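1. for reference, the sequence and a predicted model appear below.
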Amino acid sequence: MATAIVLLKTDRRKVTDTAERILEIPSVSEVYSISGRHDLMVIIKCETVDMIEYVITDALLKVEGVLDSETMFAFRSYEKREAGRAVDVD
C-alpha cells in the first residue's frame, strides 16, 4: 500500500474546520495538528501512487482553508514491536 505524508499550511482561523473536512476524504487515514512551519499533517494510504495523486490534487488541495502543501512518500514502514507482551506480575 502506498503512503503519503502531506504537510499543510492553512488559514490559522480555520485549522480545526479544515482538519475535519480533510478527515471526510476517502483514503485519508489520519490528520494531526502540528507545530512548526506547517499547521496540519495528513496521512494518506492508497493502493497506488496514482490514487494518492488523485486524492491530493482532486480533493485535499481543494479543501477551503488549505493555503500550501508539501508531499512526501513513505518507502517503508518500521513499527516498534513490543518484546514479551505478556508480563508476569507476582
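-> Received, thanks. Residues are numbered from 1 along each chain as shown.
2. can you pull out the strands in this structure?
-> With DSSP state E as the definition, the chain shows strands at residue ranges 2-10, 28-33, 40-46, 66-74.
3. using CSV, lay out those strands together with mean pLDDT and mean neighbour count.
-> Yep, even glycine has a C-beta here, placed from its N, CA and C like the rest. Converted to CSV, the strands of the chain look like this (pLDDT from 0 to 100; neighbours: other Cβ atoms under 10 Å):
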stretch, mean pLDDT, mean neighbour count
strand 2-10, 98, 19
strand 28-33, 98, 15
strand 40-46, 98, 20
strand 66-74, 97, 14
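4. can I get these in JSON lines with distance to Thr18?
-> Listed next are the strands of the chain as JSON lines, based on distance: least, Cβ to Cβ, whole Å:
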{"stretch": "strand 2-10", "distance to Thr18": "5"}
{"stretch": "strand 28-33", "distance to Thr18": "9"}
{"stretch": "strand 40-46", "distance to Thr18": "7"}
{"stretch": "strand 66-74", "distance to Thr18": "6"}
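5. to Ala19, which of the ones you listed lies closest?
-> Judged by Cβ to Cβ, the one of these that comes nearest to Ala19 is strand 28-33, at 4.7 Å.
6. relative to the closest one, what are the paired strands and their orientations?
-> On the basis of DSSP bridges, the sheet neighbours of strand 28-33 come out as strand 40-46 (antiparallel).
7. tell me the angle the strand it pairs with makes with strand 66-74.
-> Orientation of strand 40-46 against strand 66-74 (axes from the mean of the first three to the mean of the last three Cα atoms, to 10 degrees) gives an angle of 50 degrees.
8. which residues sit against strand 40-46?
-> Under the contact criterion Cβ atoms under 8 Å, 6 or more residues apart in numbering, strand 40-46 has outside partners 1-8, 10, 15, 18-19, 22, 27-34, 52, 55-56, 60.
9. what's the neighbour count on Ser77?
-> 7 (other Cβ atoms under 10 Å).
10. so what's it closest to, chain neighbours aside?
-> With Cβ to Cβ, 6 or more residues apart in numbering as the criterion, Ser77 has its nearest non-adjacent residue at 7.3 Å, and that residue is Thr3.
11. thanks a lot, catch you later.
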